[in-house]
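make a model of this:
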Amino acid sequence: MTQFECRLLSLVFLSLAVLHNFGDLSSVALLCVFLSLLFGILSLSAKPWGAPLPRFAGTLMPVALAATGVLYNLVLPHQVFMVTFAMVVVAILVHTLLANRVATIMAFVLAASAAMVGIITNLTWGFVNIDVFQFQQSASQALLHGQNPYTPLVPSPNIVPPGISEWIPLHFPYGPVLPVLEAPFRLLGDVRVLHVLAAIVLSAVVLLLARRAGTFDRSACMVMAFPLTVGMVLFSWVDVITMASLAVWFVFFRTNPRIATAALVIALAAKPTTLIALVPIVFWSVRGRRQVVIAAVIAAIFVLPFALITGLSQFYYNVLGIQLAVLTRLDALTINSYLNSLGLPILPAAVSALVIGAAAVLVLRCRPRTYGDLFTATAILATVAFLVAKWAFFNYYYIPAVLLMLAIAGDSLPFDVPEMIRPPALVTAAGDGLRAAIGRIPGAHRLPGGVLSPGDL
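A predicted model of the protein is given here:
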């Protein structure tokens, strides 16, 4: 299998994991997450694993990806997803078999119509019974009335000692850029209009990256088949906005730094969960580090007035402290939930931190040659982090799913100019010291991997 095939299989299994039990724990879902990780890791090898798959597999795998969307029928009340699946299959076949511009436009219109049918059929305008939606509606409504968006209280399900689930009133738990962006759409009655636009922007950016990398034809099928957008929009999870913003930054940070930095400001001022997706690119790219620093300063300036009006301690608790204070959710798609279901103790926080640290070292050990390598490594790190987190549901695994889409689109496109690819000086110095220390150990050169080469860091 080629890198492209491994990455597409990784995305198929991750989508199946998310949709099997709609982001909640199940043994099948957890197994699929691990299979996704396996194929993602295999794709980082430059050498193909075994014989290439038959040509028809290039069409079959996007169809399999689209087929995972049929599982929405197990959760949502309107049974339309067999119809939308059929529409996407027709779109993939039209694009693949006819292979001309008109056919491709028709295919995208059909695939987009399928997504909108899934959304509109299951949409109650201005309402959904989930706290995330109510947070955004009330915060943007408060802003429209000239009030602090962190004033309204919304009932939210949380685990409280001694491990009991209760509905407790909470303030808006995200960054202030969200109510600012959503306020115009709140005038229309439903902030999810912005989520739809974000999904469109994300798809367009993935296709732009694919055109640069020369992978447009096969990436187009993947974008048409991507099944998680409907759930993200219907339940108004904000990660669709943050990942669209990050995707814009990823794709434009070399060619249009102003647009890229503006998009990164939105991501940084919206939700801290997506910061995990910045680790590899910040580690390797000098240009990326500079833009992150600039965007962080601008985001802090934007956030500061809201924090002062709310009160610094209260603002911190609303946006970050509550995430650290609440107990582990044992219905999430995580290893802790699975251990609990077996009657075993959950992982201590220190062990989870060690696992994430080890994953970070492994994915950062080798310099990414291409955008495909960079985004796959980032997806692996994010997936591991969510597996050992306090909780991770549908919207959390949407993050590595989007990163895998970007990896498939970026494929063999060189990541950055050579002089701009280097880790931070502190890390390089530490690596040099580590190599020197290991080299002084008698017989270290005989041990496989005993002495790190300069290319390892």
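
what pLDDT is listed against the spatially most central residue of the chain?
Centroid-nearest residue in the chain: I399, 1.0 Å away (criterion: CA atoms, centre = their mean). Note on I399: pLDDT of 97.

with adjacent residues omitted, what lies nearest to it?
What sits nearest to I399 in space, not counting adjacent residues and going by CB to CB, 6 or more residues apart in numbering, is A382, at 5.3 Å. Backbone N, C-alpha and C define where each C-beta goes, glycine included.

that neighbour contacts L275, doesn't it?
No: using CB atoms under 8 Å, A382 makes no contact with L275, being 10.1 Å away.

tell me which of those two has more neighbours.
Neighbours per residue, other CB atoms under 10 Å: of A382 and L275, the larger number sits with A382, 28 against 14.

quick one: the helix or strand that contains the more buried one to chain centroid distance?
Element membership for A382 (DSSP states H and E) is helix 371-387. Distance, stretch centre to chain centre, for helix 371-387: 9 Å (CA atoms, centre = their mean, to the nearest Å).

helices or strands up against it?
For helix 371-387, the packing partners by 3 or more CB pairs under 8 Å, 6 or more residues apart in numbering; DSSP states H and E come out as helix 3-20, helix 27-42, helix 279-284, helix 349-364, helix 394-410.

list the buried ones in the helix or strand that the third one is followed by?
It stands for helix 279-284. Downstream of helix 279-284, the next assigned helix or strand under DSSP H and E is helix 286-310. Of the residues in helix 286-310, 286-289, 291-292, 295, 298-299, 302-303, 306-307, 310 count as buried by neighbour count, 16 or more other CB atoms under 10 Å.

what angle separates helix 286-310 from helix 371-387?
Orientation check (axes from the mean of the first three to the mean of the last three CA atoms, to 10 degrees): helix 286-310 against helix 371-387 gives 40 degrees.

residues touching helix 286-310, excluding its own?
Helix 286-310 is contacted from outside by 148-150, 175-177, 249, 253-254, 257, 260-261, 264-265, 268-269, 278, 281-282, 315-316, 318, 416, 420-422, 424, using CB atoms under 8 Å, 6 or more residues apart in numbering.

over to stretch 173-191?
Here stretch 173-191 makes contact (CB under 8 Å, 6+ apart) with 125-126, 133, 135-137, 139-144, 149-150, 172, 192-194, 236, 238, 241, 265-266, 268-271, 299, 302-303, 306, 318-319, 322-323.

what's the separation between L246 and E182?
According to CB to CB, to the nearest Å, L246 and E182 sit 18 Å apart.

my error: substitute Q291 in the last question.
Distance from Q291 to E182, counting by CB to CB: 25 Å.

what's the answer for P400, then?
Taking CB to CB, one finds P400 at 25 Å from E182.

more neighbours: which of these two?
P400 (31 against 27).

you'd agree L207 is up against G410?
No: under the criterion of CB under 8 Å, L207 is not in contact with G410, lying 11.8 Å apart.

low pLDDT regions in the stretch 201-350 of the chain?
Applying pLDDT under 70 to the stretch 201-350 of the chain flags no residue at all.

quick one, which of L207 and G410 is more surrounded?
Taking other CB under 10 Å, L207 and G410 do not tie; G410 has more neighbours (28 against 18).

quick check: the gap between the more buried one and V196.
Taken as CB to CB, the span from G410 to V196 is 25 Å.

ok, now which ones touch W284?
By CB under 8 Å, 6+ apart, the contact set of W284 is L364, R367, P368, L374, F415, D416, I421, R422, P423.

out of the residues you listed, the closest to V28 would be?
For the contacts of W284, the minimum distance to V28 (CB to CB) is 30.1 Å, reached by L374.

got the residue ranges for the helices in the stretch 151-300 of the chain?
For the stretch 151-300 of the chain, applying DSSP state H, counting those that start in this stretch gives helices covering 177-186, 192-213, 216-225, 229-234, 239-252, 257-268, 279-284, 286-310.

how about a markdown table for these, with distance to F13 added?
Formatted as a markdown table, the helices of the stretch 151-300 of the chain follow (distance: least, CB to CB, whole Å):
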| stretch | distance to F13 |
| --- | --- |
| helix 177-186 | 31 |
| helix 192-213 | 19 |
| helix 216-225 | 14 |
| helix 229-234 | 17 |
| helix 239-252 | 19 |
| helix 257-268 | 26 |
| helix 279-284 | 21 |
| helix 286-310 | 29 |
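
V18 is nearest to which of those?
Evaluated over the helices of the stretch 151-300 of the chain, closeness to V18 peaks at helix 229-234, with 8.0 Å, by CB to CB.

count the neighbours of L344 for me.
10.

that should have said L143, apologies.
L143 has 21 nearby residues by other CB under 10 Å.

check contacts around it.
The neighbourhood of L143, defined by CB under 8 Å, 6+ apart, consists of P149, P179, V180, A183.

one step back: name the stretch among the helices of the stretch 151-300 of the chain that sits most buried.
Highest mean neighbour count of the helices of the stretch 151-300 of the chain: helix 239-252, a mean of 26 (counted as mean count of other CB atoms under 10 Å).

excluding chain neighbours, what is closest to T328?
K390 (4.7 Å).

these two touch, right, the residue nearest to the centre of the chain and L275?
No: I399 is beyond contact range of L275, at 10.4 Å (criterion: CB under 8 Å).

what distance do you get for M87 to I120?
Between M87 and I120 the distance is 13 Å, computed by CB to CB.

which of those two has more neighbours?
Each of M87 and I120 has its neighbours counted (other CB under 10 Å); M87 has more, 20 against 12.

list the buried residues for the stretch of helix or strand the more buried one belongs to?
Using DSSP H and E, M87 maps to helix 81-98. Residues F81, T84, F85, M87, V88, V89, A91, I92, V94, H95, T96 are the ones in helix 81-98 that count as buried (16+ other CB under 10 Å).

for it, what is the distance to the chain centroid?
On CA atoms, centre = their mean, the centre of helix 81-98 falls 25 Å from the chain's centre.

ok, and what's touching whichever helix or strand comes after that helix?
Proceeding N to C from helix 81-98, the next assigned helix or strand is helix 101-121, under DSSP H and E. Helix 101-121 has contacts (CB under 8 Å, 6+ apart) with 69, 72, 78, 80-81, 83-85, 87-88, 90-92, 94-95, 196, 199, 220, 223-225, 229-230, 233-234.

tell me which residues of helix 101-121 are tucked away?
Neighbour counts over helix 101-121 (16+ other CB under 10 Å) mark 103-104, 106-108, 110-112, 114-115, 117-119, 121 as buried.
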